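Colleague: after the sequence you'll find the predicted model.
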Amino acid sequence: MSTSTSTTEPSQGPPAPSRSWVGRKPGEPARIARGTGRRRVPYLVLGVLLVLICVAGAVITVLQVGNREPMLSLARPVHVGDVLTPQDLRQVPLSSDSGTDLVPASQAATVLGRPVAYSLPAGTLLPRSAFGRPQVPPTGQATVAVAAKPGQFPPDLAPGTTVSVIVVPGSGSSTSSTQSPASGGPWSAVVTSVGAPSSDQSTVVSLQLPVTSARQVAAVPPGQLSLVAVPAGGQ
């Protein structure tokens, strides 16, 4: 009699739960990992904004630089008849439409070695009209002589210096008689020459300034003007 042997395999039991189901309550839907994509969005927006800002800045810089051109300016004072040298010049970046009479730095070779027609202080933008026959004074300008005593002007005053001409009260005179409404002032002028002190310690200083201003300065009584050295173009 043969005996049959059972070969039934042992039960495997229910499948092991997957990690996505660990800790999930029965009936609760599966949770999908979220947040990673959302966290990336702000960084992308920030990157785009930075790129746009850089591009806008580059465009503005190109437009500003492209509309500017170096012009020639005087590095030191020049006087009538002086021959222009490279040491007399420097470059100043200006808008290309600052003035058609100004000499661009690219054309410096056309003015080097030429005599200036009138005196100019340091810092003056160089115009084409500054060359040629001597113009003393230049068109629209006048020269006036001022007698100044010690204390009314800097002791180291020299030709080419820009000064501010100011009316000051004279000794023994009232304020009303010292400065009338017609006298005006202060006036900006350029020193063209400084004389030697006279017997009364007065020094004659020649000033170049617009015609109308020169007439006003000439009308001020002697001894009632003071000269203040200022930067070129100052008041």
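Modeller: Thanks, I have it. Fair warning: this is a prediction, and the values are worked out from it, not measured in the lab. Numbering: from 1, shown residues only.

Colleague: Arg90 and Pro70 touch, don't they?
Modeller: No: counting by C-beta atoms under 8 Å, Arg90 stays clear of Pro70, with 9.5 Å between them. All C-beta spots, glycine's among them, are computed from the backbone N, C-alpha and C.

Colleague: outline the domain layout of the chain.
Modeller: Using automatic domain parsing, the domain parsing of the chain gives 40-136, 141-170+183-229.

Colleague: let me see the mean pLDDT of the last one.
Modeller: Put plainly, it is domain 141-170+183-229. The average pLDDT for domain 141-170+183-229 rounds to 88.

Colleague: kindly check the end-to-end length of it for me.
Modeller: Length of domain 141-170+183-229, first residue to last, C-alpha to C-alpha, to the nearest Å: 19 Å.

Colleague: over to stretch 146-153?
Modeller: Stretch 146-153 has an end-to-end distance of 11 Å (C-alpha to C-alpha).

Colleague: what residues of that stretch count as buried?
Modeller: Val146, Ala148, Gln152, Phe153 (16 or more other C-beta atoms under 10 Å).

Colleague: which residues are in contact with stretch 84-93?
Modeller: The contact list for stretch 84-93 (C-beta atoms under 8 Å, 6 or more residues apart in numbering) reads 68-76, 78, 82, 105, 108, 111-116, 125-126, 131.

Colleague: ditto for stretch 208-216
Modeller: With contacts defined as C-beta under 8 Å, 6+ apart, stretch 208-216 is touched by 118-119, 137-138, 140-144, 165, 182-185, 187-192, 207, 217.

Colleague: let's go with 6 Å and repeat that
Modeller: Pro137, Gln141, Ala142, Thr143, Val144, Ser183, Gly184, Trp187, Ala189, Val190, Thr192 (C-beta atoms under 6 Å, 6 or more residues apart in numbering).

Colleague: ditto for stretch 73-82
Modeller: Here stretch 73-82 makes contact (C-beta under 6 Å, 6+ apart) with 88, 90, 92, 115-116, 118-122, 124-125, 134, 136, 160.

Colleague: let's see that with 7 Å instead.
Modeller: For stretch 73-82, the surrounding residues in contact (C-beta atoms under 7 Å, 6 or more residues apart in numbering) are 84, 87-90, 92, 115-126, 134, 136, 159-160.

Colleague: do you have the strands of the chain handy? List them.
Modeller: Taking DSSP state E as the criterion, the chain contains strands spanning 68-74, 89-95, 141-148, 162-167, 187-194, 203-210, 225-229.

Colleague: turn these into JSON lines, columns for distance to Ile53.
Modeller: Output for the strands of the chain, formatted as JSON lines (distance: least, C-beta to C-beta, whole Å):
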{"stretch": "strand 68-74", "distance to Ile53": "23"}
{"stretch": "strand 89-95", "distance to Ile53": "25"}
{"stretch": "strand 141-148", "distance to Ile53": "50"}
{"stretch": "strand 162-167", "distance to Ile53": "44"}
{"stretch": "strand 187-194", "distance to Ile53": "44"}
{"stretch": "strand 203-210", "distance to Ile53": "48"}
{"stretch": "strand 225-229", "distance to Ile53": "47"}
